[in-house]
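Chemist: I'd like to go over a predicted model; first the sequence, then the structure.
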Amino acid sequence: MSVTTVRLQAEVEQHLDAMANKLHRSKNWIINQALNEYIEKQQQEHVRWQQTLEAMESAAAGKVVEASEVHEWLKSWGTEKELSAPGPAE
């Protein structure tokens, strides 16, 4: 495990101390938890952005599903005549 030094604003340090006392955990543990959650969130956002770019390229190529088909499909959910998911027009 490596060591990194960080300068915290006084208010952040106070909140961190209070949280550490409340949780009976070290400030190190709290900071590691927060950074892990932040990194995971950033990775998820990167994946979502890549998916968005792929979807935009797909739409630009004309691979789209008509809104009316999607609405009909959604209305059929949970009924005896549930429809299959619509696909892009060929």
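Modeler: Ah, there it is. Since this is a predicted model, take the numbers as computed values, not measurements. Residues are numbered from 1 along each chain as shown.
Chemist: Okay, now the unreliable bits of this structure?
Modeler: Applying pLDDT under 70 to the chain flags the ranges 90.
Chemist: Just give me the longest helix of it.
Modeler: Looking across the chain with DSSP state H, the single longest helix is helix 27-60.
Chemist: Could I get the buried residue list for it?
Modeler: By neighbour count on 16 or more other C-beta atoms under 10 Å, the buried set for helix 27-60 is residue 30. Backbone N, C-alpha and C define where each C-beta goes, glycine included.
Chemist: what residue lies at the spatial centre of this structure?
Modeler: residue 44 (4.7 Å; C-alpha atoms, centre = their mean).
Chemist: give the contact list for it.
Modeler: If a contact means C-beta atoms under 8 Å, 6 or more residues apart in numbering, then residue 44 has no contacts.
Chemist: And residue 4, how far from residue 48?
Modeler: Look at residue 4 and residue 48: by C-beta to C-beta, to the nearest Å, they are 28 Å apart.
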